[in-house]
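>>> Got a predicted structure here, sequence first:
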Amino acid sequence: MGVYSSLVKTYASGHKKRFGQHFLRDTGVIDRIIRWMQLHPDDLVLEIGAGDGALSSRLASEVARLIAVELDRDCIPRLEAELAPYESATVVPADILNVDLVQIVTPFLNSHKRLRIAGNLPYNIATAIIERLLHCDIPVHDMSFMVQTEVAQRITAGPGSRQYGYLSVHCQHHSNVRLGFKVSPSCFVPRPKVSSSLISLHPKPVLPDSDFEADFEALGKAAFSHRRKTLANSLAKHPVFGPVSNGILQIAGIDGSRRAEDLSVAEFEILTRTYVDQFKSGNP
């Protein structure tokens, strides 16, 4: 465990289950995360769930500015102590699901810095955090997260696989995703019951179209709401898409006898565009 062995002893029993805390303690894994991110001295990094600073201090030594967000007030003193040697590091005691990201990040952004987001995400809210960040109004270069392996596989899964679902489509519509390396439960304190994996998400540059995005999400959820049914049957049950579902599929050129898990992200985008252009606008 190297330099972090004392932290394991001090904080092994201090985790809070309600926060989904599993503190990363393996310095070799931390080194791999740093290499994976390929940090640049001009980078601005927003770290989520900084805990007591095991990863934070490494990030702070590599980049121009670190903003470390942590909800657990009991972790803050240790986190601040770990980051005290770095004038460019800022600790923000806050809930990442509720904090004003624009307010905390904008003062540090300039044309020479890329915003990178990283963190060992709490298992119980990992997907909620990722979904929020994919919709945030700040220019994110990329995100590197440690999450439960099952979640990582769902995010990066391709059509036709068992793991492929709405989360896969949603994340891959908004970003280019990449599955990284797996991490053993023994690298955390307390030990989780499942393995973890590193993933990266690189947001796609897209024109803002809030109406299209809302319909894309609604259509995707409707399609996956009945996984064993055909796409035509699933959409037919939706109160909005149901009355026009046959027309959407026909114009989009997509066979309604297929299942949602067999459609690519691009095909879901085509379905949504067809609905928006041909039916929502009142031009069937």
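Received, thanks. Numbers count the residues shown, from 1 in each chain.
>>> When you work out contacts or count neighbours from here on, use the C-alpha atoms and nothing else.
Fine.
>>> if I look at the spatially closest residue to Arg73 that is not a sequence neighbour, how far off is Ala223?
Spatial nearest neighbour of Arg73, chain neighbours left out: Pro93 (7.0 Å); criterion: CA to CA, 6 or more residues apart in numbering. Plainly put, Pro93 is 39 Å away from Ala223 if you go by CA to CA, to the nearest Å.
>>> So for stretch 218-235, mean pLDDT?
The pLDDT scores in stretch 218-235 average 94.
>>> give the contact list for Leu101.
By CA atoms under 8 Å, 6 or more residues apart in numbering, the residues touching Leu101 are 136, 138.
>>> now do 10 Å
Contacts for Leu101 (CA atoms under 10 Å, 6 or more residues apart in numbering) come out as 46, 133, 136-138.
>>> Determine the set of other helices and strands touching whichever helix in the chain runs longest.
Ordering each helix of the chain by length in residues (DSSP state H) puts helix 210-224 first. When contacts are defined as 3 or more CA pairs under 10 Å, 6 or more residues apart in numbering; DSSP states H and E, helix 210-224 sits against helix 166-174, helix 231-236, helix 265-274.
>>> nearest to Leu109, of the ones you listed?
Proximity to Leu109, assessed across these by CA to CA, is greatest for helix 166-174 (22.0 Å).
>>> Next, the angle helix 210-224 makes with that closest one.
Counting by axes from the mean of the first three to the mean of the last three CA atoms, to 10 degrees, helix 166-174 lies at 150 degrees to helix 210-224.
>>> Columns distance to Ser57 on top of the helices and strands packed on helix 210-224, output as JSON lines?
Below are the helices and strands packed on helix 210-224 laid out as JSON lines (distance: least, CA to CA, whole Å):
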{"stretch": "helix 166-174", "distance to Ser57": "29"}
{"stretch": "helix 231-236", "distance to Ser57": "49"}
{"stretch": "helix 265-274", "distance to Ser57": "38"}
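>>> Turn those helices into TSV, including mean neighbour count and distance to Ala84.
Below are those laid out as TSV (neighbours: other CA atoms under 10 Å; distance: least, CA to CA, whole Å):
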stretch	mean neighbour count	distance to Ala84
helix 166-174	22	36
helix 231-236	23	55
helix 265-274	19	45
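>>> ok, the residue minimising distance to the centre of the chain - contacts?
Nearest residue to the geometric centre of the chain (CA atoms, centre = their mean): Ile130, 2.7 Å. Shown in contact with Ile130 (CA under 10 Å, 6+ apart): 97, 121, 136, 143, 145, 171, 201.
>>> Which parts of the chain are strands?
23-24, 44-48, 65-70, 89-93, 115-120, 140-148, 175-183, 188-189, 196-203 (DSSP state E).
>>> Show me how far the second one is from its chain's centre.
Taking CA atoms, centre = their mean, to the nearest Å, one finds the center of strand 44-48 at 13 Å from the center of the full chain.
>>> Run through the neighbouring helices and strands of that strand.
Judged by 3+ CA pairs under 10 Å, 6+ apart, strand 44-48 is in contact with helix 56-60, strand 65-70, strand 89-93, helix 101-105, strand 115-120, strand 140-148.
>>> With the first one instead?
Counting contacts by 3+ CA pairs under 10 Å, 6+ apart, strand 23-24 packs against helix 5-11, strand 188-189.
>>> And those, which one averages the lowest pLDDT?
Among the helices and strands packed on strand 23-24, helix 5-11 has the lowest mean pLDDT, at a mean of 37.
>>> pretty sure Ile114 is touching Val105, no?
That one is not Ile; residue 114 is Arg. No - using CA atoms under 10 Å, Arg114 is not in contact with Val105, being 11.3 Å away.
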